[in-house]
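Trainee: Below are the sequence and a predicted model; questions follow.
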Amino acid sequence: MSAPASLPGGAKIVQLPHMHMGKVHALFATPWAFVSMCQIVREDESIGYLEPTNIQMKFLQACSDHRWVLCDKFRQAKITTPSVMLLLRDCMYLQGVKGVLIAERQDTAEDIFERILFAYKNLPDDVKVPTEAGRKPGTTQIHFVHGGGIKVLTAGGRSPAVGRSIDRLLITEFGEAQWQRKAAANIFPAVNKRQNARVILESTPGSAGSHHETMWHNALEGKGRFHPVFLEWWLDPSCRSDPAGLKPTEVEVEYMKRHPGMDLHNLAFRRLSLQTEMGNDERLFTSKYPSDAYDGWLGSGSPVMPIDVLKESLLHSITPPEPVAKGASLLEKPVRGRAYLICADPAGFGGSGDNSAVTVWDATERREVAVWEGREDPGRFSERLLNLQRFFNNGLLAVESNAAACIAMLKDKGARNLLWTDRNHPGWYATEKRVQEGEARLVRMLRERELTIKSKPLLHQLLNYDGNRGKRSTNSDGTTHHFDLARTAVMAADVLSRRRFTSDEMPMQTQDSATSDEARVTIADLDRYKHQERAAARNPFKPIAREWT
């Protein structure tokens, strides 16, 4: 008998005398065939076969189509149960395949493992693979006669490790794990080198800026191995309540319109949840029942940027291409004679801390045209900035001056057309007042569609940008979330809103700000230009204001 077409690559189904191989092969015919044969304890305490919902079938199909799946789910989506059934199917039927189940706590892992044991014990004998002789299933592991098996681990410790190469990995509620970065660093190397390995990571959204969120955004941007799967809560039959007596408010009607497929039953469920366990906190509801793939991540503070505008921009955003050598990811090629603005946030020396980040803007159209972020020392970063400046028509270079090393390097290398805060301070000084003003200008420009942001990484950072003056928030595992790209957008809004560049124009250089060796463009120049614009717009017939002497 030929093997099923859906059989994972390289795997062989175990054959034993007592097994009905026709039935076994049928269990691989569809992604949900084996899952539908497993018995579970239902919510009404009855025992019966698992009947996959449309949401579960969407998830199972993704797991069949992709080897690495990262699932962003809603609360009580019941994704863990079909996930562990897939783990049981592969580890029980495929020769030598070993699987690992990881949860945030040991008691949770053991509770989930009980579902595996319950389903295994209730399988018909003619499709059940025996366990290894002398090794009965325990509370944390099961070993099959062909050498494969399943064991459970927890990600709750500071340094969780698998300790062996594995073929199937399931991590549930990864967003709840405290030491996410260390867990990922210890766990995934055991899977990476196995070309046919399969990984499922499923979780509700967690903390904004966490390693989990970074992994999710990378998946949305097409980076790395994971395929992202977002599950719509309003399409699940369990997220419905009786709408009798419900009179939707205007806000609720607008909310329903933004979610295709949502009806009054879903709206009643939402209102009931808000009033019962959410304390009428809509952000808390969103964290458990996200509206879209970018929703539900809770930060330490409230995001300051207009989320509705950013999400609209994400619909048309792009994943930046590979950066050119010693340059950036080009979203647009430079146009001859066009004025450009290069905004940079440098890192300091050392192997830890902030990333360096740079964005390039078409100063006439006020549109992002290049982006780059990474860990790079001030010397190499200054070379990158000079290369970008030459490439983009010797554009105005605005560098955050709080990290003085990069600006010192630029001056030593003869950088020209560098923005100065004033005659004595090169660079864009990130004072409390200037940052707040820049944020306010960025919010206004985004809302009025005066600034176009095209790259997903920058939009992702702005979604959670909370105005933290340290540019990052500390997570529970000691790692930090950087807002370096977001800071460059604040800088761009501050500069672009102070003066309007025109086509075929280089940034202005005033005579009174020039020195013998270079012409300096200062923020004072930009402010003076703004004042001149306002003065020109005044009514010439308005009486001159009196001044007391």
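Mentor: In hand now; what should we look at?
Trainee: From one end of stretch 328-343 to the other, what's the distance?
Mentor: 12 Å (C-alpha to C-alpha, to the nearest Å).
Trainee: What of stretch 186-201?
Mentor: Start-to-end, stretch 186-201 (C-alpha to C-alpha) is 15 Å.
Trainee: That one - what's its average pLDDT?
Mentor: Stretch 186-201 comes out with an average pLDDT of 85.
Trainee: and it, how far out from the chain's middle?
Mentor: Its chain's C-alpha centre lies 20 Å from the corresponding centre of stretch 186-201 when counted by C-alpha atoms, centre = their mean, to the nearest Å.
Trainee: Name the residues that touch stretch 62-79?
Mentor: Stretch 62-79 is contacted from outside by 6, 31, 53, 55-56, 59, 83, 86, 196-205, 215-216, 219, 224-233, 236, 238-239, 288-290, 293, 296, using C-beta atoms under 8 Å, 6 or more residues apart in numbering. Every C-beta, even on glycine, is put in place using the N, C-alpha and C of the backbone.
Trainee: Quick one: mean pLDDT for the helix or strand hosting residue 36?
Mentor: Using DSSP states H and E, residue 36 falls within helix 33-37. Helix 33-37 comes out with an average pLDDT of 94.
Trainee: So what's the gap between that helix and the chain middle?
Mentor: Remark: helix 33-37 is offset 32 Å from the chain centroid, using C-alpha atoms, centre = their mean.
Trainee: Okay, strands next: where are they in the stretch 101-250 of the chain?
Mentor: Along the stretch 101-250 of the chain, the segments classed as strands by DSSP state E, counting those that start in this stretch run 141-143, 149-154, 168-172, 198-203, 227-230.
Trainee: Lowest mean pLDDT across those strands, which one is that?
Mentor: Ranked by mean pLDDT, the strands of the stretch 101-250 of the chain end with strand 149-154 at the bottom, a mean of 88.
Trainee: name the helices or strands packed onto that one?
Mentor: helix 80-93, strand 98-103, helix 106-121, strand 141-143 (3 or more C-beta pairs under 8 Å, 6 or more residues apart in numbering; DSSP states H and E).
Trainee: try it again with 6 Å
Mentor: Counting contacts by 3 or more C-beta pairs under 6 Å, 6 or more residues apart in numbering; DSSP states H and E, strand 149-154 packs against strand 98-103, helix 106-121, strand 141-143.
Trainee: nearest to residue 325, of these?
Mentor: strand 98-103 (39.1 Å; C-beta to C-beta).
Trainee: List the strands paired with that closest one, with their directions.
Mentor: strand 149-154 (parallel), strand 168-172 (parallel) (DSSP bridges).
Trainee: Specify the angle between the longest one and helix 106-121 in degrees.
Mentor: Going back to what we said before, that points to strand 149-154. Taking axes from the mean of the first three to the mean of the last three C-alpha atoms, to 10 degrees, one finds strand 149-154 and helix 106-121 inclined to each other by 160 degrees.
Trainee: Next, the angle helix 80-93 makes with strand 149-154.
Mentor: Per the same axes, to 10 degrees, the angle that strand 149-154 makes with helix 80-93 is 140 degrees.
Trainee: okay, which residue is most central for the chain?
Mentor: In the chain, the centroid-proximal residue (C-alpha atoms, centre = their mean) is residue 217; its distance is 2.3 Å.
Trainee: which residues touch that residue?
Mentor: Going by C-beta atoms under 6 Å, 6 or more residues apart in numbering, residue 217 touches residue 460.
Trainee: now the end-to-end length of stretch 271-291.
Mentor: 15 Å.
Trainee: re the thing from before, could the strands of the stretch 101-250 of the chain go into CSV alongside mean neighbour count and distance to residue 320?
Mentor: Shown next, in CSV, are the strands of the stretch 101-250 of the chain (neighbours: other C-beta atoms under 10 Å; distance: least, C-beta to C-beta, whole Å):
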stretch, mean neighbour count, distance to residue 320
strand 141-143, 19, 44
strand 149-154, 22, 36
strand 168-172, 24, 28
strand 198-203, 24, 24
strand 227-230, 19, 17
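Trainee: Export the ones you listed as a markdown table, with columns for distance to residue 431.
Mentor: Listed next are the strands of the stretch 101-250 of the chain as a markdown table, based on distance: least, C-beta to C-beta, whole Å:
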| stretch | distance to residue 431 |
| --- | --- |
| strand 141-143 | 58 |
| strand 149-154 | 46 |
| strand 168-172 | 43 |
| strand 198-203 | 39 |
| strand 227-230 | 39 |
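Trainee: Please tell me how far residue 232 sits from residue 86.
Mentor: Counting by C-beta to C-beta, to the nearest Å, the separation of residue 232 from residue 86 is 21 Å.
Trainee: Over to residue 369?
Mentor: Noted for residue 369: a distance of 44 Å to residue 86, by C-beta to C-beta.
Trainee: the more surrounded of the two?
Mentor: Using other C-beta atoms under 10 Å as the criterion, residue 369 and residue 86 rank with residue 369 on top: 26 against 22.
Trainee: I'd assumed that one was in a helix, is it?
Mentor: No - under the criterion used here (DSSP: H, G, I helix; E, B strand; the rest coil), residue 369 is strand, not part of a helix.
Trainee: Which residue, neighbours along the chain excluded, lies closest to it?
Mentor: residue 332 (4.1 Å; C-beta to C-beta, 6 or more residues apart in numbering).
Trainee: Next, that neighbour: secondary structure please.
Mentor: Residue 332 ends up coil, using three-state DSSP.
Trainee: and it, backbone torsions?
Mentor: Phi and psi for residue 332, reported as degrees, to the nearest 10, are phi -150, psi 150.
Trainee: tally of neighbours for it?
Mentor: The local packing of residue 332 (other C-beta under 10 Å) involves 14 other residues.
Trainee: how close does residue 491 sit to residue 332?
Mentor: 19 Å.
Trainee: again, but for residue 126
Mentor: In terms of C-beta to C-beta, residue 126 sits 63 Å off from residue 332.
Trainee: go on, residue 21?
Mentor: Using C-beta to C-beta, residue 21 is found at 58 Å from residue 332.
Trainee: Ok, residue 105 next?
Mentor: Distance from residue 105 to residue 332, by C-beta to C-beta: 48 Å.
Trainee: Once you drop chain neighbours, what's closest to residue 55?
Mentor: Spatial nearest neighbour of residue 55, chain neighbours left out: residue 236 (4.6 Å); criterion: C-beta to C-beta, 6+ apart.
Trainee: What is the neighbour count of the one you found?
Mentor: The number of residues packed near residue 236 is 21, by other C-beta under 10 Å.
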